[in-house]
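**Q** sequence first, predicted coordinates after that:
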Amino acid sequence: DSGVTQTPKHLITATGQRVTLRCSPRSGDLSVYWYQQSLDQGLQFLIQYYNGEERAKGNILERFSAQQFPDLHSELNLSSLELGDSALYFCASSGQGVGELFFGEGSRLTVL
Amino acid sequence: AQTVTQSQPEMSVQEAETVTLSCTYDTSESDYYLFWYKQPPSRQMILVIRQEAYKQQNATENRFSVNFQKAAKSFSLKISDSQLGDAAMYFCAYEVARFGAGTRLTVKP
């Protein structure tokens, strides 16, 4: 158990819809990262938050947005969903220093 | 931009044998971290080993070790005494934002 909690584990929705994925980092970790993993692909970095502030942005579409709340949990919002958005979305957290990531179990999104 | 390349989409090893997974990366930085993550069929990403670029000594974690060649920008993972539970996708990562495409490791009994 990494200590990172992601909900929901599975989500099926239709094109054009909007979904919210939630992540609770490990206790004490200030950084939260979001990644997208399409079928049998590597991880694509989407965005990082540190203590409520956006720290780095990767290949995140304009239809996607994220935020980190005062209690440090984070949400990834995906809107105007397309078939190609079907993927496994990982959240990870890290403490200060060495940058080791602790991953959640992922949220599998299926867009029909 | 930093890129990470894993040139072996699939590898196979006999149980109890040794296998080496390759990874090269591109960066203009002098100090950074490199990681190998394992993703078993459960899809959970698990840290295998990490290397700090300023350390010349290669990292080792039990049966897992790396061959870090900073000048060549190479970071290979060696798995000794392979076990059936080592079967997984292995991802090389540069810091937190750059991951390779992965190598699928099969372990044959």
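**A** Looks like it came in fine. Values in this document were obtained by computation on a predicted structure and should not be read as measured data.
**Q** and A:Ile84, that's in a helix?
**A** Careful, residue A:84 is Gly; it's not Ile. Yes - assessed with DSSP: H, G, I helix; E, B strand; the rest coil, A:Gly84 lies in a helix.
**Q** relative to chain B, how far out is it?
**A** In this view, A:Gly84 and chain B are 18 Å apart by CB to the nearest CB, to the nearest Å. Where C-beta positions appear, they are placed from N, C-alpha and C, glycine not excepted.
**Q** what about the chain, any weak spots by pLDDT?
**A** Since no chain was named, I'll use chain A. A:97-98 (pLDDT under 70).
**Q** ah, no, chain B please
**A** B:1-2.
**Q** next, residue 58: phi, psi?
**A** Reading this off chain A. The phi/psi pair for A:Gly58 (degrees, to the nearest 10) reads phi -110, psi -130.
**Q** right idea, wrong chain: chain B
**A** The phi and psi values for B:Asn58, taken as degrees, to the nearest 10, are phi -70, psi 140.
**Q** same question, B:Leu84
**A** According to degrees, to the nearest 10, B:Leu84 has phi -60, psi -30.
**Q** quick check: closest non-adjacent residue to it.
**A** B:Val107 (5.2 Å; CB to CB, 6 or more residues apart in numbering or on different chains).
**Q** ok, A:Gly58 next?
**A** Nearest non-adjacent residue to A:Gly58 (CB to CB, 6+ apart): A:Phe45, at 3.6 Å.
**Q** quick check: the residue nearest the centre of chain A vs chain B, distance?
**A** With distances taken as CA atoms, centre = their mean, A:Trp34 lies nearest the centre of chain A, 3.4 Å away. A:Trp34 sits 11 Å away from chain B, going by CB to the nearest CB.
**Q** can I get the strand or helix carrying that residue in CSV, CA atoms only?
**A** Using DSSP states H and E, A:Trp34 sits in strand A:31-37. The C-alpha atoms that make up strand A:31-37 are tabulated as CSV, following Å, rounded to 0.1, in the frame of the first residue of the first chain:
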residue,chain,number,x,y,z
SER,A,31,3.4,17.4,-4.1
VAL,A,32,0.8,15.7,-6.2
TYR,A,33,1.3,14.6,-9.8
TRP,A,34,-1.1,13.4,-12.4
TYR,A,35,-0.3,11.0,-15.3
GLN,A,36,-2.1,9.5,-18.1
GLN,A,37,-1.3,6.0,-19.3
